[in-house]
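In: output the structure for:
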Amino acid sequence: MRHVEARAGVYADSVTLMQVTAQAQAVSGVRAALVAMATELNLGLLGELGLKPPDRAGLHDLLIAIEADDGESLATAIAVVDNVLSARPADEAVAGEQPPRTTFSAARRVGSGLALISVPGQFAFAEAVDALDAGCDVMIFSDSVPIEQEVWLKDRAAERGLLVMGPDCGTAVVAGIGLGFSHSVPAGTIGLVAASGTGAQQIICLLDAAGAGVSAVLGVGGRDLSAEVGGRSARAALAALDADPATELIVLLSKPPAEQVAAELIKYAATLATPVQFALIGPGQPDLTAAAESALRATGQQVPDWPVWPAAGGAAPGDHRGGTGVLHGLFAGGTLCDEAMVIAAERLGPVYSNIPLRPQWRLGARGPVGPRASSGSDSSGPWHMMIDFGDDELTAGRPHPMIDQRLRLDRLAAEAADPATAVIMLDVVLGHGAHPDPAAEIAPAIAAALEGRAAGAASAAGSGAAGLGTAGSGTEGSGSDLAVVVSLVGARSDPQGLTAQATALAAAGAHVFASNAQAARFACDLAGQGRGGGTA
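Out: Prediction:
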């Protein structure tokens, strides 16, 4: 049963639409769902679902496409969409006044402040210009904004003494309010300038575990420290936190930056009155956990033992045993994936990815998406591999994996069925905007993966085939041993319940760590050198 419609003149922001799509997809019997604005990209994605675009769908129409096994499932999914969209709060307007029709007119009416822009990328530039011209700082949640537009916006902001956070800024905390994917944490004296959303979330949550808070988190977009953008917003954000009397220490964190840009920012930071520490993910650099520990010490706060939840019935985290297979990481957070790859490459050798540390380690851009597109292998055997399922190229037309976990769960099952896979590493990110109960889906999938591997090993042993391996496995005896390691990024106040999530994941058989870096090292110790190891 298929249903496709375009609702004229109906708009919802991208975060809402991702959540609506995920809820529709969660309905039993629904095979595929897409709730999005009827842009050219989203209309094209209907073809991938085997659906025909509706006639006369325009850019300002809401596209609803659902494929289900039967009429009842289809009707239920449509009702879910209708209920969620109708439950959105109505626009507040003064009686008798026409609601503002542009960002500029809205800012003129209520006063300048922070404008949060979450529209399709091709429209973000116009709204951001409107906001800057109205005297607003801007947070651009939207991705797929051309880089030349990003540079122009940040130069315009600098001329006006304003800040542009983004594009593709997923996390911020301003005046104690979390924006995008974020957490409710206490006020503190540490301010973050973050060219990484999940990287900021990791440090926020580690500080929270230590009983510390943040003064502000200013996201600047993942491209800000690239050679093309040159750290424009990072410089402005550093200056803003330096002028904030509540901030005693600034931590600037980023995905692997352009070396020259990082060097220039380090020089600039030395001129500020507020001390600045750098957490720049890459070989030879401190990891995010080390950065959080350094920040705590610098502000006179105690560094705790980071929480660990051992797997039920499994080896304790201190029991590091060598393995004979490969490590595969399935990540929702790009910076968490980067950090894990840096650690794994130092210990295990090349790690292949859709966001590789080195160009020669790149997987096909679309190849890693399918659940049966496994690790691949060559004459040397299978590869260590980590995939960022939150990368822009893999989230086009689908909810972010922090909201919709189905793609990663399919891949988890496929990796567990591959006898070459010794360790699977996952990140689970909690907080506002994320899946309301990720462990409810991930824990059963982990338990099924481990049970399936154990059953396969028992069957092989019973038939006398143990130790023979399978074609292409490239490892000896790897089919009988699988471990799952989870880095759980969450704060104590998160609505999902940090302890409950950790307990459920550990009960399913996963080794759970609050520190992504500790999780990655433990995963590497479990995998050992294996056939996928070698010289980086």
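In: only C-alpha atoms for contact and neighbour calcs from this point on.
Out: Fine.
In: residue 167: what's it in contact with?
Out: Applying C-alpha atoms under 8 Å, 6 or more residues apart in numbering to residue 167 gives the contacts 139, 140, 141, 142, 143, 145, 150, 220, 221, 222.
In: do that again at 6 Å, thanks
Out: 140, 141, 142, 143, 221 (C-alpha atoms under 6 Å, 6 or more residues apart in numbering).
In: assign a three-state SS to it, would you?
Out: Following DSSP: H, G, I helix; E, B strand; the rest coil, residue 167 is assigned to coil.
In: so what's the nearest residue to it once chain neighbours are set aside bridging to?
Out: Leaving aside its sequence neighbours, residue 167 sits nearest to residue 140 (C-alpha to C-alpha, 6 or more residues apart in numbering; 4.7 Å). Per DSSP bridges, the residues bridged to residue 140 are residue 117.
In: neighbours around residue 140, how many?
Out: Residue 140 has 28 neighbours, counted by other C-alpha atoms under 10 Å.
In: sorry, back to before: pull the most distant pair out of the contacts of residue 167.
Out: Distance extremes for the contacts of residue 167: the farthest pair is 142 and 221 at 10.1 Å, using C-alpha to C-alpha.
In: neighbour count winner among these two?
Out: residue 221 (28 against 24).
In: run a quick neighbour tally on residue 287.
Out: Neighbour tally, residue 287, other C-alpha under 10 Å: 24.
In: ok, back up a step: so what sits against both of residue 142 and residue 221?
Out: Counting by C-alpha under 6 Å, 6+ apart, the contacts common to residue 142 and residue 221 are 167, 168.
In: what's the helix or strand for the nearest residue to residue 80 once chain neighbours are set aside?
Out: Computed as C-alpha to C-alpha, 6+ apart, the closest residue to residue 80 that is not its neighbour in sequence is residue 24, at 6.3 Å. Using DSSP states H and E, residue 24 sits in helix 14-25.
In: list of residues touching that helix?
Out: Around helix 14-25, the neighbours that count as contacts under C-alpha under 6 Å, 6+ apart are 33, 34, 35, 36, 77, 118, 399, 404.
In: excluding its backbone neighbours, what's nearest the third one?
Out: Using C-alpha to C-alpha, 6+ apart and skipping the chain neighbours, the partner closest in space to residue 35 is residue 64 (4.7 Å).
In: which intervals of the protein have sub-threshold pLDDT?
Out: Within the chain, the segments meeting pLDDT under 70 span 88-96, 314-324, 364-381, 396-397, 457-480, 529-536.
In: can you list the domains in it?
Out: Residue ranges for each domain of the chain read 2-86, 112-298, 308-527, as given by automatic domain parsing.
In: could I get these as JSON lines with distance to residue 100?
Out: As requested, the domains of the chain are exported to JSON lines (distance: least, C-alpha to C-alpha, whole Å):
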{"stretch": "domain 2-86", "distance to residue 100": "15"}
{"stretch": "domain 112-298", "distance to residue 100": "13"}
{"stretch": "domain 308-527", "distance to residue 100": "26"}
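In: of all those domains, which one is nearest residue 102?
Out: Nearest to residue 102, of all the domains of the chain, is domain 112-298, at 7.8 Å by C-alpha to C-alpha.
In: residue 343: how many residues sit nearby?
Out: For residue 343, the count of nearby residues is 21 (other C-alpha under 10 Å).
In: format the CA atom coordinates belonging to the helix or strand hosting it as PDB.
Out: Per DSSP H and E, residue 343 falls inside helix 334-348. What follows is helix 334-348 as a C-alpha-only set of coordinates in PDB (Å, rounded to 0.1, in the frame of the first residue of the first chain):
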ATOM      1  CA  GLY A 334      31.200  12.300  12.900                       C
ATOM      2  CA  THR A 335      33.700  13.600  15.500                       C
ATOM      3  CA  LEU A 336      33.200  10.500  17.600                       C
ATOM      4  CA  CYS A 337      34.000   8.500  14.500                       C
ATOM      5  CA  ASP A 338      37.000  10.600  13.800                       C
ATOM      6  CA  GLU A 339      38.300  10.200  17.400                       C
ATOM      7  CA  ALA A 340      37.800   6.500  17.300                       C
ATOM      8  CA  MET A 341      39.600   6.200  13.900                       C
ATOM      9  CA  VAL A 342      42.600   8.100  15.200                       C
ATOM     10  CA  ILE A 343      42.900   5.800  18.200                       C
ATOM     11  CA  ALA A 344      42.300   2.700  16.100                       C
ATOM     12  CA  ALA A 345      44.800   3.600  13.300                       C
ATOM     13  CA  GLU A 346      47.500   4.100  15.900                       C
ATOM     14  CA  ARG A 347      46.900   0.700  17.400                       C
ATOM     15  CA  LEU A 348      45.600  -1.500  14.500                       C
END
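In: any idea how far that helix is from the chain center?
Out: The gap between where helix 334-348 is centred and where its chain is centred comes out at 15 Å by C-alpha atoms, centre = their mean, to the nearest Å.
In: stretch 164-178 too?
Out: In terms of C-alpha atoms, centre = their mean, the centre of stretch 164-178 is found 15 Å from the chain centre.
In: what is the burial count for the nearest residue to residue 269 once chain neighbours are set aside?
Out: With sequence-adjacent residues excluded and distances taken as C-alpha to C-alpha, 6+ apart, residue 269 is closest to residue 276, at 6.2 Å. The tally of other residues near residue 276 (other C-alpha under 10 Å) stands at 23.
In: cool, and residue 360?
Out: Residue 360 - counted by other C-alpha under 10 Å - has 10 other residues nearby.
In: just confirm it is within a helix.
Out: Yes - using three-state DSSP, the assignment for residue 360 is a helix.
In: could you find the closest non-adjacent residue to the residue minimising distance to the centre of the chain?
Out: Centroid check for the chain by C-alpha atoms, centre = their mean gives residue 333 as the closest residue, at 2.8 Å. Leaving aside its chain neighbours, residue 333 sits nearest to residue 198 (5.5 Å; criterion: C-alpha to C-alpha, 6+ apart).
In: within the helices and strands, which one has the closest residue to residue 435 other than its chain neighbours?
Out: In this structure, residue 435 finds its nearest non-sequential neighbour in residue 403, 4.5 Å apart by C-alpha to C-alpha, 6+ apart. For residue 403, there is no helix or strand it lies in under DSSP H and E.
In: so residue 403 touches residue 436, yeah?
Out: No - contact criterion C-alpha atoms under 6 Å: residue 403 and residue 436 do not qualify, at 8.2 Å.
In: so which of the two has more stuff around it?
Out: More neighbours surround residue 403 than the other of residue 403 and residue 436, with 24 against 17 (other C-alpha under 10 Å).
In: and the more buried one, its phi and psi?
Out: Dihedral pair for residue 403: phi -110, psi -50, per degrees, to the nearest 10.
In: wait, a helix at the residue nearest to residue 35?
Out: No - secondary structure of residue 64 (three-state DSSP): strand, not part of a helix.
In: quick one: contacts of stretch 491-510?
Out: Here stretch 491-510 has contacts from 205, 311, 312, 431, 436, 437, 439, 443, 447, 484, 485, 490, using C-alpha under 6 Å, 6+ apart.
In: for residue 399, see how far away the residue nearest to residue 80 is.
Out: Separation of residue 24 from residue 399 (C-alpha to C-alpha, to the nearest Å): 11 Å.
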